[in-house]
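*Asks:* For reference, the sequence and a predicted model appear below.
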Amino acid sequence: MKSVLHLLRARRALSAPQRALEASSPSLPVASTDNSLGASRALSELSYYLDDVLAAGDVGAVQLRLATEAAKTGRTRLGDGCAALEVSREQAAVLQAAMACARAVYEPTSVPFPEVDGLAFSVTTWVAATVEGTTKETWVVEVQRTGVDDEDAKERLFPLLVVAVRGSASGVDWMVNANGDPRDASEFLDPDHLGHVSVHSGFLHGARALEGPVRTALAAAGAKHVVFAGHSAGGAVAALLFSHFLASSLDDSTRYSSITFGAPPLAAPDITPRLLQLQQARTNPGLVLAIVNDGDPVARADRAYLRTLVDLYRAACGAEPLPPPEKPLDGLCNVGTLVVVRDRNHDGDERDIVVEVAPRNVFEELVYCNAAVHRRVVYAESVELIARGCVNGRTGW
């Protein structure tokens, strides 16, 4: 949220001639050009909505006002009544491996891989980020599970190969994120299996750029279980790569999983039901999970939801409401079963988490605006508790 506000300030500093030039530029099939123009359009729209209420420029004050107004809706947290997610000890270890890789990919390659009890990591492939941000930094990591008996490994989920895609780490990454206009993805996501799907433009460009290097890495490794993972925007690109490989795979012996953390919505219509059908038809189905910390606004951040936040903030500032849009704003869906990590002790020092499956219609009514829970460290804490079995009222395995 802070980064969006910083971009808005920079956007307001552009001169009128610069904006006119960008608006009149031809639409080119080059990913970097499309990302730049798409981001410019989106940020111009947000600036128009918020120019009259962001003059103070205090990011902390903006977040406080927004949170106060959102609390009036009574929908800032997932309520009781959702089904608990049941995971085995081995599945929890897969989540832990995915989270470790999703965090490590943000670090320089010279930094040693973090140690995780019971897991051994070996990076086999590095894909460097490109200067214009289309290609995101991506690591392919072999993960072995150590020190377990046959009973704890009966699902045979290890060894696995994690394709970890980095999220936002620079200004150009945020430009890619802002290029959210839906684009037909039929050439990338097999319509015979997934139907005709429109996808967030910036993330689709990123997934296309990574498809070749990832395919080469997977062919060289010959892995039987491939996990696509990432945090935030990295999770969105990872989920698209997963969807592409699952829908186009002719090798039924390979298990494919997608595990994302705080990833934004990216596709319309909802392709998760079709992905789950494809999984169940395979000999070795994998996991398809979109893990969300309760309150994380990024997991709801399509154009329609950003408009909701704008309306809330304008109300908090006493500004006139915006006129309704000429046509309904495009609503996008997250990829994966929505798994919400909810802290029943959110006002205390120690977390008491429940992990629940949120129906999409329930999730899309939530008014999330707590940017603090989007941090990677908070997701890592959630996954660590799951890995220890300290979840849903249990104190361990």
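*Replies:* Sure thing, it's come through.

*Asks:* Can you check the distance spanned by stretch 359-371, start to finish?
*Replies:* 22 Å (Cα to Cα, to the nearest Å).

*Asks:* Just give the number of residues close to the nearest residue to Val341 once chain neighbours are set aside.
*Replies:* Distances taken as Cβ to Cβ, 6 or more residues apart in numbering put Ser382 closest to Val341, at 4.5 Å, once the chain neighbours are dropped. C-beta here means a position set from N, CA and C on the backbone, and glycine is covered the same way. As a burial measure, Ser382 scores 25 neighbours (other Cβ atoms under 10 Å).

*Asks:* ok so Ser382 is a helix residue?
*Replies:* Yes: under DSSP: H, G, I helix; E, B strand; the rest coil, Ser382 falls within a helix.

*Asks:* How are the helices of the stretch 51-200 of the chain distributed by residue range?
*Replies:* Assigned by DSSP state H, counting those that start in this stretch, the helices in the stretch 51-200 of the chain fall at 59-71, 89-104, 171-178, 191-194.

*Asks:* Enumerate the positions of the last one that are buried.
*Replies:* When burial is assessed from 16 or more other Cβ atoms under 10 Å, helix 191-194 yields the following buried residues: His193, Leu194.

*Asks:* Check what pLDDT Arg208 gets.
*Replies:* If you check Arg208, the pLDDT there is 97.

*Asks:* ok, the residue nearest to it when sequence neighbours are not counted - contacts?
*Replies:* Excluding the flanking residues, the one nearest Arg208 by Cβ to Cβ, 6+ apart is Phe188, at 5.9 Å. By Cβ atoms under 8 Å, 6 or more residues apart in numbering, the residues touching Phe188 are Val199, Leu204, Ala207, Arg208, Glu211, Leu240, His244.

*Asks:* Need the max-distance pair from those residues.
*Replies:* Spatially, the most separated pair among those is Val199 and Glu211, at 13.5 Å (Cβ to Cβ).

*Asks:* Look at those two and report which has more neighbours.
*Replies:* Neighbours were counted for Val199 and for Glu211 using other Cβ under 10 Å; Val199 has more, 26 against 16.

*Asks:* And the more buried one, how far from Pro264?
*Replies:* Using Cβ to Cβ, to the nearest Å, Val199 is found at 12 Å from Pro264.

*Asks:* Same check on Tyr106?
*Replies:* Distance from Tyr106 to Pro264, by Cβ to Cβ: 17 Å.

*Asks:* So these two - more neighbours on which side?
*Replies:* With neighbours defined as other Cβ under 10 Å, Tyr106 and Pro264 compare such that Pro264 has more, 26 against 16.

*Asks:* what helix or strand does that one sit in?
*Replies:* Using DSSP states H and E, Pro264 falls within no helix or strand.

*Asks:* Would you check that my belief about it contacting Ala233 is correct?
*Replies:* Yes: at 6.8 Å, Pro264 counts as touching Ala233 under the criterion of Cβ atoms under 8 Å.

*Asks:* got any residues that touch both of these two?
*Replies:* Taking Cβ under 8 Å, 6+ apart as the contact rule, the neighbours common to Pro264 and Ala233 are Asn177.

*Asks:* So for the residue lying closest to Tyr313 once chain neighbours are set aside, what pLDDT did the model give?
*Replies:* In space, Tyr313 comes closest to Leu66 once its chain neighbours are excluded; the distance is 5.1 Å by Cβ to Cβ, 6+ apart. Note for Leu66: predicted pLDDT of 88.

*Asks:* residues touching Leu66, list them.
*Replies:* Leu309, Leu312, Tyr313, Ala316, Cys369.

*Asks:* ok so, going back, which of the contacts of Phe188 fall in strands?
*Replies:* For the contacts of Phe188, the ones inside strands are Val199, with DSSP state E as the criterion.

*Asks:* Counting neighbours, which of the contacts of Phe188 comes out on top?
*Replies:* The contacts of Phe188, ranked by neighbours (other Cβ under 10 Å): first place Leu240, 30 neighbours.
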